[in-house]
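**Student:** coordinates for the following, if possible.
(2 chains)
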Amino acid sequence: MATSRRMLTLWRVAVFIAALAPLVYWGWQVAINAAGPEPGRYLLLNIGQGILWMLLLTLSLTPLTKLTRWKGFTLIRRQLGLWTLAYAVAHLLCYALFILGLDLSRLGSEIVRRPYIIVGMLALVGLIVMGVTSNKWSMRKLGKRWKTVHKVVYLVLGLGLLHFLWVVRADLEQWSLYAAAGALLMVLRIPPVARQLPKIRQLGKRHQGARA
Amino acid sequence: MLIKIAKPSDLRESDVTPESVYLSRRRFMGGVIGVGAGLALAGRAQAATGPDYADVPAGNPPGWFGPKLENAKWGAVVPADRDLDKNTPFEDATHYNNFYEFGTGKSDPSKRAGSLETQPWSVVIDGEVGNGGRFALEDIVKPSQLQERIYRLRCVEAWSMVIPWLGIPLSEVIKRAEPTSKAKYVKFETLVRPEQMPGQDSSFALIDWPYTEGLRMDEAMHPLAILGLGMYGRELPNQNGAPFRLIVPWKYGFKSIKSIVRISLVEQQPVNSWQAIAPDEYGFYANVNPNVDHPRWSQATERRLPNSLFNPNIIDTRMFNGYADEVGSLYAGMDLRKQF
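**Tutor:** Below you'll find the predicted structure:
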């Protein structure tokens, strides 16, 4: 699939705007007092789900590329990865500011004591490691090891889902949907399955050809 | 007995009996110890008219509710420090709810509870009682006077509100049921009606419906424990547990079970729903206690709602939610760390 350079730039800008839009929307809801009596928690929980969305979207790019061969998907991988990190940092800030009231001593004790927070912090560390090594200089510097380092993303997905699971208290429906999406993206990476993806594309092409 | 009755709308809140006439905590305690039971609470407050809830939207109460409201004792229990414990706005108290029968989101109940049919409503009173059976709600309420109780509400999730409830003492209802000597606990159950309660339809729900709660007999007989029928000078909105719910202000909010259809007096300690799901996180007693953390978060402080991004409004949580003088003796000698 060939797309012009200009279209690809537009595509990247469109992805940027789409990734920013939820934050603007939630901020707007808070500003017009439509976020309920606890706006900080509203932001915390929505942004928390936003992290999972960004992470799952990032992880869907490789299978999508295999399926379509469109380079637009590869082109936004770093951007979506960094959005995942940005959402995660915003999530932690919400927790520190609005739930703990910036009581930093409590932040320290809570991080050590609560398993779900430990797990969440570990996931954030993973995202930070990938974030700071996402530039071209790091890629050159790390060479082959870069790919290994960025395999941390699978660990981050697992930790993120565990963090969410330990927050859920009475109904697993929403969590199950995220977990199922994550599991599907992992299955698509199993080599025998991954090898089928380009074939599906060729099948589709042949089908189109037959119709034409 | 001559009771002067005025319409709730006649006077403004500022016109109600001055606060000095309300009991100080000490005198209130004297009253409870001296006279006992809910009469002590009811007898002291002088206000005969309701505060101004003019900006609260009117509901659709059953016919018998109006006369009860006109005879209500307003401000029967009011927080000592009204600057700290201001009423939460009606809008917030009715749009930020935990009522998992309608979904797990805080705004789910207000969105989905509208279709719940609450009229007519009957309640089964059974178990270790002499006078059990199925009763129309109005018959349960009829012999008691409606009282306004302005209570702090502390959720186990570490947020809190202040709600002006309207209700009747639980003790009066239990006494009329004539408990036998075997009645050691009171067990409550919420309505099960999946067609109107979509949360009960979820196959991912961990709660085994009906939602169940329980109190020890002496807790249930305590004058602060009430059965709620209204709030903010009107009947309960559906999302707040209409038409009939429990309010136990010294315990975490999940103890105050909503939309009750069954009250059983039992010999064995009931297993409440949250305890059944996660016994290491939620106990039977669930008394508000800043010294005993929930495993996943601290209970030392609470966020008083509504708050804002600029002021999370974090305040210290008080022992028994600030009702320690009244209820502390119920738990004398108990290890509250173990029996949480």
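**Student:** so what's B:Gln200 closest to, chain neighbours aside?
**Tutor:** B:Pro194 (4.2 Å; CB to CB, 6 or more residues apart in numbering or on different chains). All C-beta atoms are positioned from the backbone trio N, CA, C, and that covers glycine.
**Student:** assess the claim that the one you found and B:Asp201 are in contact.
**Tutor:** Yes: applying CB atoms under 8 Å, one finds B:Pro194 in contact with B:Asp201, separated by 4.6 Å.
**Student:** host element of residue 181?
**Tutor:** In the absence of a named chain, chain A is used. Using DSSP states H and E, A:Ala181 maps to helix A:173-187.
**Student:** got the buried residues for whatever helix or strand comes next after that helix?
**Tutor:** Downstream of helix A:173-187, the next assigned helix or strand under DSSP H and E is helix A:191-211. For helix A:191-211, a neighbour-count test (16 or more other CB atoms under 10 Å in any protein chain shown) marks A:Leu197 as buried.
**Student:** now residue 174: closest residue in space, sequence neighbours ignored.
**Tutor:** Assuming you mean chain A. A:Val168 (7.6 Å).
**Student:** that's the wrong chain, I meant chain B
**Tutor:** Leaving aside its chain neighbours, B:Ile174 sits nearest to B:Ala220 (6.0 Å; criterion: CB to CB, 6+ apart).
**Student:** I'd like the distance between the residue sitting nearest the centre point of chain B and B:Met231.
**Tutor:** Computing the C-alpha centroid of chain B and ranking residues by CA atoms, centre = their mean puts B:Ile247 first, at 1.4 Å. Distance, B:Ile247 to B:Met231, by CB to CB, to the nearest Å: 9 Å.
**Student:** overlap in contacts, those two.
**Tutor:** With contacts defined as CB atoms under 8 Å, 6 or more residues apart in numbering or on different chains, the residues shared by B:Ile247 and B:Met231 are B:Trp165.
**Student:** scan chain A for its longest helix.
**Tutor:** Longest helix in chain A, counting residues (DSSP state H): helix A:39-68.
**Student:** next one: the following helix or strand past it to chain centre, how far?
**Tutor:** Using DSSP H and E, the helix or strand that follows helix A:39-68 towards the C-terminus is helix A:71-75. Distance of helix A:71-75 from the chain centroid (CA atoms, centre = their mean, to the nearest Å) equals 16 Å.
**Student:** only the buried residues of helix A:71-75, if you could.
**Tutor:** In helix A:71-75, counting by 16+ other CB under 10 Å, buried: A:72-73, A:75.
**Student:** output the contacting helices and strands for that helix.
**Tutor:** Here helix A:71-75 touches helix A:5-31, helix A:39-68, going by 3 or more CB pairs under 8 Å, 6 or more residues apart in numbering or on different chains; DSSP states H and E.
**Student:** export these to TSV and tack on distance to chain B and mean neighbour count?
**Tutor:** Output for these, formatted as TSV (distance: least, CB to the nearest CB, whole Å; neighbours: other CB atoms under 10 Å in any protein chain shown):
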stretch	distance to chain B	mean neighbour count
helix A:5-31	7	13
helix A:39-68	6	20
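**Student:** how about those helices in CSV, adding mean pLDDT?
**Tutor:** Below are those laid out as CSV (pLDDT from 0 to 100):
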stretch, mean pLDDT
helix A:5-31, 97
helix A:39-68, 97
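**Student:** how about these in a markdown table, adding distance to A:Gln202?
**Tutor:** Shown next, in a markdown table, are the helices and strands packed on helix A:71-75 (distance: least, CB to CB, whole Å):
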| stretch | distance to A:Gln202 |
| --- | --- |
| helix A:5-31 | 24 |
| helix A:39-68 | 11 |
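**Student:** sec struct for the residue of the stretch 1-150 of chain B found nearest chain A, please.
**Tutor:** Chain A sits closest to B:Asp92 of the stretch 1-150 of chain B, with a gap of 3.8 Å, by CB to the nearest CB. Assigned by DSSP: H, G, I helix; E, B strand; the rest coil, the conformation of B:Asp92 is helix.
**Student:** would you confirm that it contacts A:Pro39?
**Tutor:** No: B:Asp92 is not in contact with A:Pro39 according to CB under 8 Å; the separation is 11.3 Å.
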